[in-house]
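Trainee: Generate coordinates for the sequence data below:
(2 chains)
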Protein chains: 2
Amino acid sequence: MARSSFKDIDCAVAQALEQVGDAWTLLILRSAFMDVRRFEDLQEHLGISRKVLSERLKRMIGHGLIEYRKLPGDGRAKEYRLTDKGRDLHVVILALMDWGEAWMPKRWGRRIRVLDRSSGEELRPLRPLTRSGKPVSPRSIVYEAGPGAGEVFYAAEQIRARRA
Amino acid sequence: MARSSFKDIDCAVAQALEQVGDAWTLLILRSAFMDVRRFEDLQEHLGISRKVLSERLKRMIGHGLIEYRKLPGDGRAKEYRLTDKGRDLHVVILALMDWGEAWMPKRWGRRIRVLDRSSGEELRPLRPLTRSGKPVSPRSIVYEAGPGAGEVFYAAEQIRARRA
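Mentor: Numbering: from 1, shown residues only, chains lettered A, B, ... in the order given. Alright, predicted model coming up:
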């Protein structure tokens, strides 16, 4: 597959997309979060070719998102397990799910309810909050240079200044 | 570009990825959130070919994520503006940014600080909460069939039962 590289773009979103900016990769992660972990199971759940699935899994292992591990006890079976880095993408998957349910809803309601096992409570849709816990509307969000700011931030600043 | 279709997959994540499961599309959205809105400005900010940029913008207009509008006052200039549906993707972009900053950090700290304009406060990283506001750890998240549950949910359930 011809694929652009985002590795050299000095932006956290681009750095993330270099590793997960591909629809199959994100759908594989979704299945992994639903505890579908073996190659044949992923193939069945995703309706994906062996070739594409292998290629994506290999790339995901390379990026440290999943590991391929023997099951304890069962001699031959192996499965793909999320690493801490991969599991940390649950926020991205939930954000996509919230948006999909909000804008491409089913007539009968949500396809999947997301619950907290320990309390049994349903999760609320993700929403940005300030450090003190105040909800932030999207139009109130602004970006400032951080200590690691680079080209992408300053280029946007220049473009905005030119158009102001 | 050869591209898989996720339109027929009965899953909110797949429905979202059908529209935004492409790295360039998500990077264009990132630039739009940074108020980069004209074709030439987007091209400069993204370092993307005219051809790829046009194709993605057209598709994004088709999905109702952005509109191409005349500027008030300025006779000829036109710019791409986020629709409500497009702006609602700020959570997805922030989730990718949080993950990128956490796992591919710069030595000096965050590239971009995200602030609430009205309070001046910095935003905290996105984190799932229950309806009553309790933080939920990723390992405590479980999925249940919602009223609109379909094939994707029940297939995962069958696969889990087979492996249990």
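Trainee: A:Pro135 versus A:Met97, what's the distance?
Mentor: A:Met97 is 20 Å from A:Pro135, where distance means CB to CB, to the nearest Å. C-beta coordinates here come from the backbone N, C-alpha and C atoms, glycine included.
Trainee: which one of those two has more residues nearby?
Mentor: A:Met97 (25 against 10; other CB atoms under 10 Å in any protein chain shown).
Trainee: Okay, and the more buried one sits in which element?
Mentor: Here A:Met97 sits within helix A:90-103, counting by DSSP states H and E.
Trainee: mind listing what's buried in that helix?
Mentor: For helix A:90-103, the neighbour count (16 or more other CB atoms under 10 Å in any protein chain shown) marks A:90-101, A:103 as buried.
Trainee: Tell me which residues touch the closest residue in space to A:Gly150 that isn't next to it in sequence, please.
Mentor: Once flanking residues are discounted, A:Gly150 sits nearest to A:Asp10: 3.5 Å by CB to CB, 6 or more residues apart in numbering or on different chains. A:Asp10 sits next to A:Gly150, A:Glu151, A:Val152, B:Arg111 when contact means CB atoms under 8 Å, 6 or more residues apart in numbering or on different chains.
Trainee: Selection in PyMOL covering whichever of the residues you listed are buried, please.
Mentor: Remark: buried members of these, expressed as a PyMOL selection using 16+ other CB under 10 Å:
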select buried, (chain A and resi 150+152) or (chain B and resi 111)
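Trainee: Please look at A:Arg110 and B:Gly146 and confirm they touch.
Mentor: Yes. Proximity of A:Arg110 to B:Gly146 meets the contact threshold set by CB atoms under 8 Å, at 3.5 Å.
Trainee: ok, the spatially most central residue of chain A - contacts?
Mentor: What sits nearest the mean C-alpha location of chain A, by CA atoms, centre = their mean, is A:Val92, with 3.8 Å. Residues counted as contacts of A:Val92 (CB under 8 Å, 6+ apart) are A:Ala16, A:Val20, A:Leu26, B:Val92, B:Ala95, B:Leu96, B:Trp99.
Trainee: Could you rerun that using 10 Å?
Mentor: A:16, A:20, A:26, A:29-30, A:126, B:13, B:91-96, B:98-99, B:126 (CB atoms under 10 Å, 6 or more residues apart in numbering or on different chains).
Trainee: Next: A:Pro147.
Mentor: With CB under 10 Å, 6+ apart, A:Pro147 has these contacts: B:Lys106, B:Arg107, B:Trp108, B:Gly109, B:Arg110, B:Arg111, B:Arg113.
Trainee: The last one: what secondary structure?
Mentor: Each residue gets one of three states, and B:Arg113 gets strand by DSSP: H, G, I helix; E, B strand; the rest coil.
Trainee: for the first one, same thing?
Mentor: In the three-state summary, B:Lys106 is assigned as coil, counting by three-state DSSP.
Trainee: Give me the number of neighbouring residues for the residue lying closest to it once chain neighbours are set aside.
Mentor: In this structure, B:Lys106 finds its nearest non-sequential neighbour in A:Gly148, 3.0 Å apart by CB to CB, 6+ apart. When neighbours are defined as other CB under 10 Å, A:Gly148 has 18 of them.
Trainee: Looks like A:Gly148 contacts A:Gln15 (just checking).
Mentor: No. In this structure, A:Gly148 is not within contact of A:Gln15 by CB atoms under 10 Å, at 11.2 Å.
Trainee: Which neighbours do those two have in common?
Mentor: Common contacts of A:Gly148 and A:Gln15 (CB under 10 Å, 6+ apart): B:Glu101, B:Pro105, B:Lys106, B:Arg111.
Trainee: Could you give the number of residues near the nearest residue to the first one once chain neighbours are set aside?
Mentor: Counting by CB to CB, 6+ apart, A:Ala12 is the residue found nearest to B:Glu101 once chain neighbours are left out, at 4.5 Å. When neighbours are defined as other CB under 10 Å, A:Ala12 has 26 of them.
Trainee: thinking A:Ala12 is in contact with B:Pro125, fair?
Mentor: No. Look at A:Ala12 against B:Pro125 with CB under 10 Å: they stay out of range, at 11.6 Å.
Trainee: Identify the contacts common to these two.
Mentor: Shared contacts of A:Ala12 and B:Pro125 (CB under 10 Å, 6+ apart): B:Met97, B:Asp98, B:Trp99, B:Glu101, B:Ala102.
Trainee: Any stretches of chain A with poor pLDDT?
Mentor: Along chain A, segments meeting pLDDT under 70 span A:1-3, A:74.
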